[in-house]
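Participant: Pasting the sequence and the predicted coordinates here, then a few questions.
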Amino acid sequence: MASTVAVDIPAVLDADRTRRWLQDLVGQRAAVARLRADLGGQDHPPGPGVMAQIGRLEAAWRDIERRFGLLSAEELARLSGAAPASVRTWVHNQRRRHGLLAVRRGGRNVFPGFQFTATGRPQPWLRDVTAPLLAAGWSEEAVLLWLAAPTGWLSGQTPLEVLDTDPDRVRRAVAAAAAGPAG
């Protein structure tokens, strides 16, 4: 269950930057708590390969946040002009109709900015590209990471880099990825 805590931010600090820092800190602590819970039942500590993979995953999410932003439901609703009272309904409908994907960061669902146009509307290609991967058993997180990562199916380019110029090539890459092991 998510909760909100009011924090007075001194005037000498930038409020948005401080808010993002606090959210990141809370998210890191939540991730550590989940990791401890997951590893608590293990008879031995995780090996260096597991720890390296966790580090790579965190670096990928930080890169996506830096390049595209990770938007909260409230930020999306505000960007698109939806009424504040209907944020949850609006987000639910956008996810259902357009295939928006979220990832849990900082104890809340956030949406990578590459899923949206400048006006806050879902990208027109979103459902066509994400649906086959989800149907193949991929998690939302895996699909989002795949879209922003270089892939051999696109000669080392990311699907996001190729979508504007050659969407059919991306659709073929999606079909190949969906036919392979789940992400």
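Facilitator: That came through fine. Quantities reported herein were computed from a predicted structural model and do not represent experimental measurements.
Participant: only C-alpha atoms for contact and neighbour calcs from this point on.
Facilitator: Will do.
Participant: which residues does residue 133 contact?
Facilitator: 143, 174, 175, 177, 178, 182 (CA atoms under 8 Å, 6 or more residues apart in numbering).
Participant: name the element it belongs to?
Facilitator: helix 126-135 (DSSP states H and E).
Participant: Could you list the buried residues of the helix or strand following that helix?
Facilitator: Proceeding N to C from helix 126-135, the next assigned helix or strand is helix 140-148, under DSSP H and E. By neighbour count on 16 or more other CA atoms under 10 Å, the buried set for helix 140-148 is 140, 143, 144, 145, 146, 147, 148.
Participant: just checking, what packs against the helix or strand following helix 140-148?
Facilitator: Next along the chain after helix 140-148, taking DSSP H and E as the criterion, comes helix 159-163. If you count contacts as 3 or more CA pairs under 8 Å, 6 or more residues apart in numbering; DSSP states H and E, helix 159-163 packs onto helix 140-148, helix 167-179.
Participant: what angle sits between the shortest one and helix 167-179?
Facilitator: In other words, helix 140-148. 140 degrees (axes from the mean of the first three to the mean of the last three CA atoms, to 10 degrees).
Participant: Output helix 140-148 as CSV, nothing but the C-alphas.
Facilitator: The C-alpha trace of helix 140-148 is given here as CSV (Å, rounded to 0.1, in the frame of the first residue of the first chain):
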residue,chain,number,x,y,z
GLU,A,140,6.1,-5.3,-18.8
GLU,A,141,9.5,-4.5,-17.5
ALA,A,142,11.2,-6.8,-20.0
VAL,A,143,9.3,-5.3,-22.9
LEU,A,144,10.2,-1.8,-21.8
LEU,A,145,13.9,-2.7,-21.4
TRP,A,146,13.9,-4.4,-24.8
LEU,A,147,12.5,-1.4,-26.6
ALA,A,148,15.4,0.8,-25.3
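Participant: hmm, back to that, may I see the buried residues of helix 140-148 organised as a markdown table, with pLDDT and distance to residue 133 added?
Facilitator: Shown next, in a markdown table, are the buried residues of helix 140-148 (pLDDT from 0 to 100; distance: CA to CA, whole Å):
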| residue | pLDDT | distance to residue 133 |
| --- | --- | --- |
| 140 | 92 | 9 |
| 143 | 95 | 7 |
| 144 | 95 | 10 |
| 145 | 94 | 12 |
| 146 | 95 | 10 |
| 147 | 96 | 11 |
| 148 | 95 | 14 |
